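Trainee: Give me coordinates for this.
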Amino acid sequence: VGIFGILGEKAIVDAPFARPVTFSNPIEQSRRVVDILKNREQVDIIICLSHTGTDVDRKKSEDETIAEEVPGIDVLVSAHTHTLLEEPLVVGETHIVSAGNYGRYLGILEMTVPGNGGTPRMRSYELRKITGDIPEDEVLAAKIQMVKEYIDEDILAPLGLSFDRVVAMSDFSTETLSYASENPGELGLGNLITDAYRHSVQKAEADYYEHIHLAIQPIGHIRESIRRGPVTVADLFQVLSLGIGPDGAMGYPLISGYLTGRELKQLMEVETTVSRMKSGAQLQVSGVKMTYNPNRLPFDRVTSLFVENESGDYVPVECDRLYRIVANLYTAYMVDYISNVSFGLLSMELKNRQGVPLKRMVDGIITGPGSNGGEVKEWLSLISYMESFPDRTSDGIPDIPLRYAAPEGRIQVEPSWNPLHLLRGATMITWIAAAIFLLIVGMPIVLIKVVRRRRKRSTLLR
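Mentor: This is a model prediction of the structure:
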């Protein structure tokens with residue numbers, strides 16, 4: 001069996017943190033590896049693990065293109081786009097399979113491999129829904145236990161944690177990720193996470209804390225929900241399990257920087273517009289309250305934006321004032337992506353407290369108290385915040401506040417076709433579009449009037 005992996009061009013766009021690493025053309029490299037596996041290694045079956053993806057639009061379906069351009073791949077296990085393929089896509093001799101997202105299904109593909117070097121053929125394909133009644137595999141369970149022991153001893157113990165330690169109790173389950181993908185907008189879980197970021201920065205900076213006006217978290221970085229009952233360290237790591245920091249330790253670090261009020265509004269336009277094009281870009285927020293009208297022009301839909309000040313009051317955003325924000329390192333790097341997908345209509349740059357752009361994103365990383373403090377990780381921020389909750393039931397375990405069971409109105413959607421609502425507080429984006437519209441509509445009227453005047457003048461001259 002020959003197995004190799006590839007990363008597609010769309011996935012590369014989602015990995016800005018990989019710089020200065022560069023990626024070769026996936027088709028060219030796939031051809032090179034397939035040739036090695038088939039002719040030098042003489043394997044019986046070639047399997048490609050692809051973080052590339054499929055699409056209903058054949059022209060945008062990168063894995064189908066790879067299967068078409070690279071003969072010799074027998075099975076292509078597709079990822080990145082989270083597609084649930086109920087039947088394999090067959091391109092030439094290649095079978096493309098995908099079991100969807102968030103571990104909801106197990107994909108089972110059986111192939112017959114001829115012993116004479118013939119082409120492997122599919123025997124069966126099944127998507128089995130993952131449920132709690134699936135029998136445990138003893139061999140796999142033993143290996144999992146070994147890994148848990150390693151994690152406990154080598155990774156968590158130095159942090160004063162353990163895999164199964166209960167951090168908090170929850171009287172509710174937060175929104176599932178499938179619910180979040182089908183219902184864009186504010187989540188109770190998102191509020192919990194972003195509140196945790198602000199809390200952790202304040203705890204880390206202690207007496208030197210500078211007020212965080214806004215914490216943001218894209219939905220795409222949240223990898224699990226929280227279930228009712230005891231919530232363990234392992235549960236919370238799964239919620240924010242992505243990434244690695246410059247320190248080489250698991251988890252993205254939190255990064256802080258400053259944006260002007262004008263840029264802050266543009267950042268919120270990511271939620272109003274960009275998230276409609278890329279669901280993972282849906283923003284969860286802490287420290288601001290905003291209202292937007294989805295009927296307004298893209299990138300100019302925010303109609304009101306208030307920020308929480310040091311006293312806990314929400315006040316209107318001032319365009320030229322600097323506001324401090326916190327996010328994970330990945331999100332900070334995605335600033336370039338926002339500018340690209342908005343065709344330059346949204347432009348923002350993280351700065352230091354003096355308003356000077358950060359030369360390196362890592363310069364804004366939040367570290368723990370003291371000169372030897374390590375990076376403040378997003379997953380550890382969530383644990384720290386949980387530990388700060390009161391114990392309502394007097395069982396010695398903090399309880400997650402009920403206010404995180406549902407959204408609380410941080411992001412409000414107010415659709416309206418009222419002309420005043422469409423234009424009030426509009427930016428140059430809307431005014432330029434309005435001018436073009438008036439020009440297009442008004443030009444024929446002007447031409448008609450000119451023609452009528454000439455005809456009238458011509459009639460008088462006769």
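Trainee: doesn't Ala435 fall inside a helix?
Mentor: Yes - under DSSP: H, G, I helix; E, B strand; the rest coil, Ala435 sits within a helix.
Trainee: And it, what's its pLDDT?
Mentor: At Ala435, the model reports a pLDDT of 71.
Trainee: neighbours around it, how many?
Mentor: 11 (other C-beta atoms under 10 Å). (C-beta placed from N, C-alpha, C; glycine too.)
Trainee: any idea how far Met428 is from it?
Mentor: From Ala435 across to Met428, the span is 10 Å (C-beta to C-beta, to the nearest Å).
Trainee: With Ser181 instead?
Mentor: 33 Å.
Trainee: residues contacting the residue nearest the centre of the chain?
Mentor: The centroid of the chain falls nearest to Gly220 when counting by C-alpha atoms, centre = their mean (2.5 Å). If you count contacts by C-beta atoms under 8 Å, 6 or more residues apart in numbering, Gly220 has them with 278-282.
Trainee: most surrounded residue in those residues?
Mentor: Gln282 (25 neighbours).
Trainee: residue contacts, that one?
Mentor: 180, 184-185, 218-220, 271, 275.
Trainee: Which parts of the chain are helices?
Mentor: Counting by DSSP state H, the chain has helices at residues 9-13, 26-35, 62-69, 138-150, 177-182, 188-205, 233-239, 261-269, 275-277, 329-333, 335-341, 378-387, 419-423, 428-461.
Trainee: and the ones you listed as TSV, adding distance to Gly2?
Mentor: Converted to TSV, those look like this (distance: least, C-beta to C-beta, whole Å):
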stretch	distance to Gly2
helix 9-13	22
helix 26-35	8
helix 62-69	16
helix 138-150	24
helix 177-182	34
helix 188-205	41
helix 233-239	32
helix 261-269	46
helix 275-277	37
helix 329-333	32
helix 335-341	34
helix 378-387	36
helix 419-423	58
helix 428-461	52
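Trainee: of Ser181 and Met428, who's got more company?
Mentor: The residue with more neighbours, out of Ser181 and Met428, is Ser181; 16 against 10, by other C-beta under 10 Å.
Trainee: Can you lay out the contacts of Gly220 as TSV showing pLDDT and distance to Pro71?
Mentor: Formatted as TSV, those follow (pLDDT from 0 to 100; distance: C-beta to C-beta, whole Å):
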residue	pLDDT	distance to Pro71
Lys278	70	32
Ser279	68	34
Gly280	74	33
Ala281	77	36
Gln282	86	39
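Trainee: now, which of those residues sits nearest His199?
Mentor: For those, the closest approach to His199 (C-beta to C-beta) belongs to Gln282, at 22.1 Å.
Trainee: quick one: the nearest residue to Asp35 once chain neighbours are set aside from Val33, how far?
Mentor: Nearest residue to Asp35 in three dimensions, chain neighbours excluded: Gly72, at 7.8 Å (C-beta to C-beta, 6 or more residues apart in numbering). In this view, Gly72 and Val33 are 10 Å apart by C-beta to C-beta.
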